[in-house]
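Engineer: Below are the sequence and a predicted model; questions follow.
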Amino acid sequence: MNVKFFIGQQIEHKRFNYRGLIYDVDSEFRGTEEWYQKMATSLPPKNEPWYHVLVHGSEQMTYAAQTSLQSDESAEQVVHPFVPHFFSAFSDGRYVRNDTPWPG
């Protein structure tokens, strides 16, 4: 798996221009074909890593292909209500993963 980004890293979406925070990584696309056809309109590769992302300034969570993302170098913290569920601290420009299980 050629993972370019890591859990706790802040990213920017190249096409939709949102900032976000990676909270999980899949080695390849794990969604349904129906979701892929409807939501992944640029048809990014399914056999490369996909990321679960908390979207800054909202309550949204997204699923994005590695090819759609780039590093966010702003060093500004991501504001999202679920940050405390996944991360315990923000240090040196990255989030520190906690051990709290996701209630789901």
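Structural biologist: Arrived safely, thanks for sending. Residues are numbered from 1 along each chain as shown.
Engineer: use CA for all of it now, contacts and neighbours both
Structural biologist: OK.
Engineer: my read: R15 touches S68, true?
Structural biologist: Yes: applying C-alpha atoms under 8 Å, one finds R15 in contact with S68, separated by 6.8 Å.
Engineer: Which one of the two is surrounded by more residues?
Structural biologist: Here R15 and S68 are compared on neighbour count by other C-alpha atoms under 10 Å; more neighbours surround S68, at 16 against 9.
Engineer: now the helices for the chain?
Structural biologist: With DSSP state H as the definition, the chain shows helices at residue ranges 33-39, 83-86.
Engineer: burial count for R94?
Structural biologist: Counted with other C-alpha under 10 Å, the neighbours of R94 add up to 18.
Engineer: Contacts only, for it.
Structural biologist: For R94, the set of contacting residues under the criterion of C-alpha atoms under 8 Å, 6 or more residues apart in numbering consists of G8, Q9, Q10.
Engineer: who wins for most neighbours among these?
Structural biologist: The contacts of R94, ranked by neighbours (other C-alpha under 10 Å): first place Q10, 29 neighbours.
Engineer: Skipping its backbone neighbours, what lies nearest it in space?
Structural biologist: If the residues on either side of it in the chain are set aside, Q10 comes closest to L21, at 4.5 Å by C-alpha to C-alpha, 6 or more residues apart in numbering.
Engineer: Hmm, the one you found is touching H13, no?
Structural biologist: No: using C-alpha under 8 Å, L21 and H13 do not qualify as a contacting pair, with a distance of 10.6 Å.
Engineer: Which residue of those two possesses the greater neighbour count?
Structural biologist: Neighbour totals were compared for L21 and H13, and L21 leads with 28 against 20 (other C-alpha under 10 Å).
Engineer: how distant is stretch 76-88 from the center of its chain?
Structural biologist: Taking C-alpha atoms, centre = their mean, to the nearest Å, one finds the center of stretch 76-88 at 12 Å from the center of the full chain.
Engineer: again with stretch 13-29
Structural biologist: In terms of C-alpha atoms, centre = their mean, the gap separating the centre of stretch 13-29 from the centre of its chain is 3 Å.
Engineer: Could you list the residues in contact with it?
Structural biologist: Residues external to stretch 13-29 that are found in contact with it (C-alpha under 8 Å, 6+ apart): 1, 3, 6-12, 46-56, 65, 68-70, 72, 78, 86.
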